[in-house]
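Peer 1: coordinates only, sequence not included:
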C-alpha cells in the first residue's frame, strides 16, 4: 500500500528529505558521531600505549629498588624539558580548563610527549603520582588538533568552521575520552568531562560528544588488548540507620582528607616556587621524596595499586593514607608529572579500610566508599565518582557509595586539585559570594 509520502511528486519528496536531513539535531548528531569517534580513537590509542609503558616501567622499578636513588636526576630531566619546551604546557590539566572557559590559542601538541615522558620518568624512579592527568591532557591536546587538521574550505569546510566555534565541546570530549580510557569507566569518564570544569554545574550541551568519545575511547583501549585493575564487587547491605549514620561520618572524613590533600599540594607548590630556577624544584623534591620512601617503605611509590587492592581485603592502619597523602603532595608540588586520581584512590581506600575499626560497616564497603569519596571531594565531581563506583564495584552498594560521594563533596568545601576549576554553583548558600571565581583564587 502506498504511503502518503509516496503520493507526493518526486521533487517534493526530495525537498522533504533534504529538509529533514538538514535539521539541526540530525546535523549535530552526525557531526559529533564522526568527531567524537576520532577523538575517542586518538585518546584510546594514546592511553593504551601509555598504560603499557607505565606497566613496564613500574615492573622495572620494582625489580631494581636502587632506581629510587635516581629520582632527583629524573626530576632534573623533567624540569629541564618543561623549561625548554613546555611554555603553556606546564599548566597541564588547568590549561585545558582555562581554554574551555576563555579560549585563546590552541593547546600545543608537544604537551603529549612532554606529559607522557614526564610521567614515565616520575614512575620509573619511584615518585608518588598517578596517571589520570597524563591521559586527560593527552586526550584534550589530541582533540584540539582536529580543528587545525580540518580545512577551512571544500566539502569539510563547514565542519571545520563549526568545529572552531564549538572548540569547548571538543576539549570536553577529549577530557572525557582520556579519563574513560585510562580507568576503563566510560560512564564516569563521560560525566567527569561534563562536571570537572564548572563546580556545581553540568553542561548538558556537551553530553553527546562526551558520551560518544568516552565510549569509543574505552572500546579502542580494550581493542589494543590493554586491561584494567579488577576490584571486588561489593555485596548488598541493608539500609539501616546505623549504616547510613556511619556513611555520613565516613563521607565527612573523606571530604576532609580531600581538602587536606588539595591544600597541602598547593602549599608545597608555593614553597617550591621559592626556588627561582624551575628545573631545580623537582631535584630538591626528588631528594626529599626518595629519603622518605627509604625511611617508610616503597609501598607508597608509584601508583600503589597493590595496596589499594589490599585495602578491600582486610583492615589497614591509618599510616597508609597519611604517608601516601604527604608523598603525593610532595611529588606533584615539586613539579613531577602524572596525576592525582590514583593516589586519591589509594588515600581513600586505605582511609576507609582504617575506619573499619571504628565504624560498623564492612571493610570492603568502606574501602570502596573511600576510593570514590576522596576523589569526589578533591575533583568536585560527585556524579562521575558515583558512576565510577557503580562501574567498578557493582550496583549493590550504590546508596552507600552515592551518599559518601555527596557528603565528601560538601565537606571538601571550595577546594580542589584543579586550580582553574570555576565555581558555577556554590556548595551551600553561605558560600554563594564565591560563585564565578577560580579555585586557584584568580
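Peer 2: Sure, I can see it. Please read these numbers as outputs of a predicted model, since none were measured by experiment. Numbers count the residues shown, from 1 in each chain.
Peer 1: from here on, contacts and neighbour counts on C-alpha atoms
Peer 2: Fine.
Peer 1: buried residues in stretch 216-236?
Peer 2: 216, 217, 218, 219, 220, 221, 222, 226, 233, 234 (16 or more other Cα atoms under 10 Å).
Peer 1: out of those, which are inside helices?
Peer 2: The subset of these located in helices under the criterion DSSP state H comprises 216, 217, 218, 219, 220, 221, 222.
Peer 1: hang on, the fifth one packs against residue 41?
Peer 2: Yes - A contact is recorded between residue 220 and residue 41 when judged using Cα atoms under 8 Å, the distance being 6.0 Å.
Peer 1: leaving out the residues flanking it, which one is nearest to residue 120?
Peer 2: Nearest residue to residue 120 in three dimensions, chain neighbours excluded: residue 54, at 6.3 Å (Cα to Cα, 6 or more residues apart in numbering).
Peer 1: and if you look at residue 269?
Peer 2: Take residue 269 and drop its neighbours on the chain: the residue closest to it by Cα to Cα, 6+ apart is residue 333, 4.1 Å away.
Peer 1: got the buried residues of stretch 216-236 as a markdown table, with distance to residue 67 and pLDDT columns?
Peer 2: Conversion of the buried residues of stretch 216-236 to a markdown table gives the following (distance: Cα to Cα, whole Å; pLDDT from 0 to 100):
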| residue | distance to residue 67 | pLDDT |
| --- | --- | --- |
| 216 | 37 | 97 |
| 217 | 33 | 97 |
| 218 | 33 | 96 |
| 219 | 35 | 97 |
| 220 | 33 | 97 |
| 221 | 30 | 96 |
| 222 | 31 | 96 |
| 226 | 26 | 93 |
| 233 | 36 | 94 |
| 234 | 37 | 95 |
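Peer 1: ramachandran coordinates for the residue nearest to residue 269?
Peer 2: Backbone torsions for residue 333, taken as degrees, to the nearest 10, come to phi -60, psi -30.
Peer 1: check contacts around residue 323.
Peer 2: Residue 323 makes contact with residue 300, according to Cα atoms under 8 Å, 6 or more residues apart in numbering.
Peer 1: what's around residue 87, how many residues?
Peer 2: Per other Cα atoms under 10 Å, the neighbour tally for residue 87 reads 12.
Peer 1: check residue 173 too.
Peer 2: 37.
Peer 1: where along the protein do the strands fall?
Peer 2: Applying DSSP state E to the chain gives strands spanning 198-199, 422-423.
Peer 1: reformat those strands as a markdown table; add mean pLDDT.
Peer 2: Formatted as a markdown table, the entries for the strands of the chain read as follows, by pLDDT from 0 to 100:
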| stretch | mean pLDDT |
| --- | --- |
| strand 198-199 | 86 |
| strand 422-423 | 88 |
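Peer 1: got TSV for the ones you listed, with distance to residue 93 and mean neighbour count too?
Peer 2: Listed next are those as TSV, based on distance: least, Cα to Cα, whole Å; neighbours: other Cα atoms under 10 Å:
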stretch	distance to residue 93	mean neighbour count
strand 198-199	14	23
strand 422-423	13	24
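Peer 1: in space, what's closest to residue 324 - neighbours in sequence excluded?
Peer 2: Here the residue nearest residue 324, using Cα to Cα, 6+ apart, is residue 300, at 5.7 Å.
Peer 1: residue 69 too?
Peer 2: Across the structure, with Cα to Cα, 6+ apart as the measure, the residue nearest residue 69 apart from its sequence neighbours is residue 290 (6.6 Å).
Peer 1: what's the answer for residue 344, then?
Peer 2: When the adjacent residues along the chain are set aside, residue 344 lies closest to residue 375, with 5.7 Å between them (Cα to Cα, 6+ apart).
Peer 1: any idea of the pLDDT on the residue most central in space within the chain?
Peer 2: Ranked by distance to the mean C-alpha position of the chain (Cα atoms, centre = their mean), the top residue is residue 132 at 4.6 Å. Among the per-residue scores, residue 132 shows a pLDDT of 86.
Peer 1: I'd guessed it sits against residue 177; true?
Peer 2: No - if you go by Cα under 8 Å, residue 132 and residue 177 don't touch, sitting 11.0 Å apart.
Peer 1: in the top helix by length along the chain, which residues are buried?
Peer 2: Among the segments of the chain that qualify as a helix by DSSP H, the longest is helix 24-63. By neighbour count, with 16+ other Cα under 10 Å as the criterion, the buried positions of helix 24-63 are 32, 35-48, 50-51, 54, 57-58, 61-62.
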